[in-house]
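*Asks:* Everything below, folded, please.
(one chain, ligands or ions: 1)
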Amino acid sequence: MRPDVLAIVHNHSPSVIPFGVTGVPLRPLYHMSAFLSAGVPVFDIRQASGGMTDMLVRTPALGQALARTLGTRPVALMRGHGAVVVGASLPLVVFRSVYTEVNARLQSQAMALGGQVTYLDPEEARLAEASVSGTAPRPWELWKKKALAR
Ligand SMILES: [Zn+2]
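*Replies:* Predicted coordinates for the structure are as follows:
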């Protein structure tokens, strides 16, 4: 469904879970997560399957339903489970996974402060993504080094 997708991360990133179960949309509030600007849909496996499941995508039909929910976007949340993150390379999907988690944490903190949260304007997001996405290989080298040291 997505010839542009060459790498996929599935994660159980804790800070994104509340956004998959409350109807509160996850939105980009800083430059590092500008890629979220197209919106972050929520895949509800109960709706997709028409009944109760163990919450895991175990059939091709559920995988296709998840891909339809994702559409052309880079991130979809999975209600009560986690997220799926896609992109053109492994460094990019890891970058997007890390900053989706960070954005979710920051958004929860910003909302808890009680004021009005100012999210990135779509044009700000477009400009920020163009400049920030080129820096994804830098943290990748650090994260790779840390992971391989374990
Ligand atoms: Zn999982």
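*Asks:* what about Arg105, which helix or strand?
*Replies:* Arg105 belongs to helix 90-113 when assigned by DSSP states H and E.
*Asks:* which helices and strands sit right next to the one helix or strand Ala48 maps to?
*Replies:* Using DSSP H and E, the element containing Ala48 is helix 45-49. With contacts taken as 3 or more C-beta pairs under 8 Å, 6 or more residues apart in numbering; DSSP states H and E, helix 45-49 sits against helix 60-70. C-betas here are computed from N, CA, C, even on glycine.
*Asks:* what comes up buried for the helix it packs on?
*Replies:* Neighbour counts over helix 60-70 (16 or more other C-beta atoms under 10 Å) mark Leu62, Ala65, Leu66, Ala67, Thr69, Leu70 as buried.
*Asks:* one step back: what separates the following helix or strand past the helix holding Arg105 from the chain centre, distance-wise?
*Replies:* Using DSSP H and E, the helix or strand that follows helix 90-113 towards the C-terminus is helix 122-132. From the chain centre to the centre of helix 122-132 is a distance of 17 Å (C-alpha atoms, centre = their mean, to the nearest Å).
*Asks:* Stretch 27-41 now?
*Replies:* 9 Å.
*Asks:* Wait, Leu92 touches Gly134, no?
*Replies:* No - with contact defined as C-beta atoms under 8 Å, Leu92 does not count as touching Gly134 (10.5 Å).
*Asks:* And the two? Which one has more around it.
*Replies:* Leu92 (21 against 9; other C-beta atoms under 10 Å).
*Asks:* can you pull the contacts of the more buried one?
*Replies:* Ala7, Ser133, Ala136 (C-beta atoms under 8 Å, 6 or more residues apart in numbering).
*Asks:* That'll do, ta.
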